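**Student:** The amino acid sequence is not available; the structure is as follows:
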């Protein structure tokens, strides 16, 4: 499994960093009077986010698509970066001093965007590995208390409102890195942290199988987060307190 901590910046990442450094200034520009010839809009202030997250929502290994994710999920992640539960210095720097109402506006903005998904890249994996991934995603492993991914993330894996993200269209390396971060406690969520508990029960082979299968799936361009879970969630999750079941 790739190291869950982000690597030292590559030249491409450094270029993105330079562009993103403008974001705190733009985000705080609400307190200023914008020139009449240059309308101050939320889209303009959030444009530096696209230096990493891409104009068309394109994914890469460390800067995932955020467009179309449920508003509550995006808001929770902004809070997690701001409050230290997730670790990525660039994100902490950008949101560290922003008030919660503004974080909510940012989440609302990106949740409303639905650019096309790019084609799924080729995935190198054996048929046995992909089948193991499919079983874990669709059925889970009851003997090891591993719930199916679809039990929380929806049958289409497009997420569930208000706060469960979609898994379709994510790069394999990004999925691997996030599982590693949960295992290493570099990524945390509001207690009870259900994903940390699930990650602890998965082997590296399990993670590779799940990430390989998810990354290989074609994306329905019309897919949107479900309005509510089909059934109560199999575990209590701090980020979605209204839908969690007993652990």
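**Tutor:** Yep, it's here. What you are looking at is a predicted structure, and each value in this text was computed from that prediction instead of being measured.
**Student:** who's in contact with the closest residue to residue 198 other than its chain neighbours?
**Tutor:** Nearest residue to residue 198, sequence neighbours excluded (C-beta to C-beta, 6 or more residues apart in numbering): residue 146, at 6.3 Å. No exception for glycine: its C-beta is placed from N, CA and C like everyone else's. Neighbour list for residue 146: 136, 140, 198, 201-202, 206 [criterion: C-beta atoms under 8 Å, 6 or more residues apart in numbering].
**Student:** Which of those are buried, as a PyMOL select command?
**Tutor:** In PyMOL, this line selects whichever of the contacts of residue 146 come out buried by 16 or more other C-beta atoms under 10 Å:
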select buried, resi 136+140+198+202+206
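**Student:** which residues are in contact with stretch 218-231?
**Tutor:** Here stretch 218-231 makes contact (C-beta under 8 Å, 6+ apart) with 68-70, 114, 116-117, 120, 151-152, 154-156, 158-161, 164, 166, 168-169, 243.
**Student:** about what we covered before: so in terms of bridging, what pairs with the residue nearest to residue 198?
**Tutor:** In this structure, residue 146 bridges to residue 141 when assessed by DSSP bridges.
**Student:** Now stretch 143-159: buried residues?
**Tutor:** In terms of neighbour count (16+ other C-beta under 10 Å), stretch 143-159 has its buried residues at 146-154, 156-159.
**Student:** Next SSE downstream of the host helix or strand of residue 174?
**Tutor:** Assigned by DSSP states H and E, residue 174 belongs to helix 172-183. Using DSSP H and E, the helix or strand that follows helix 172-183 in sequence is helix 194-201.
**Student:** May I see the buried residues of that next one?
**Tutor:** 194-199.
**Student:** Need those in TSV (columns: pLDDT).
**Tutor:** Output for these, formatted as TSV (pLDDT from 0 to 100):
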residue	pLDDT
194	94
195	96
196	95
197	95
198	97
199	97
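**Student:** measure residue 92 to residue 178 for me?
**Tutor:** 17 Å (C-beta to C-beta, to the nearest Å).
**Student:** More neighbours: those two, which one.
**Tutor:** residue 178 (20 against 15; other C-beta atoms under 10 Å).
**Student:** And the closest residue to residue 200 other than its chain neighbours, how close does it get to residue 206?
**Tutor:** Spatial nearest neighbour of residue 200, chain neighbours left out: residue 183 (6.4 Å); criterion: C-beta to C-beta, 6+ apart. Residue 183 sits 11 Å away from residue 206, going by C-beta to C-beta.
**Student:** And residue 142, by the same measure?
**Tutor:** Counting by C-beta to C-beta, the gap from residue 142 to residue 206 is 14 Å.
**Student:** likewise residue 234?
**Tutor:** 17 Å.
**Student:** ok, now residue 181?
**Tutor:** 16 Å.
**Student:** same question, residue 238
**Tutor:** From residue 238 to residue 206 the distance is 23 Å (C-beta to C-beta).
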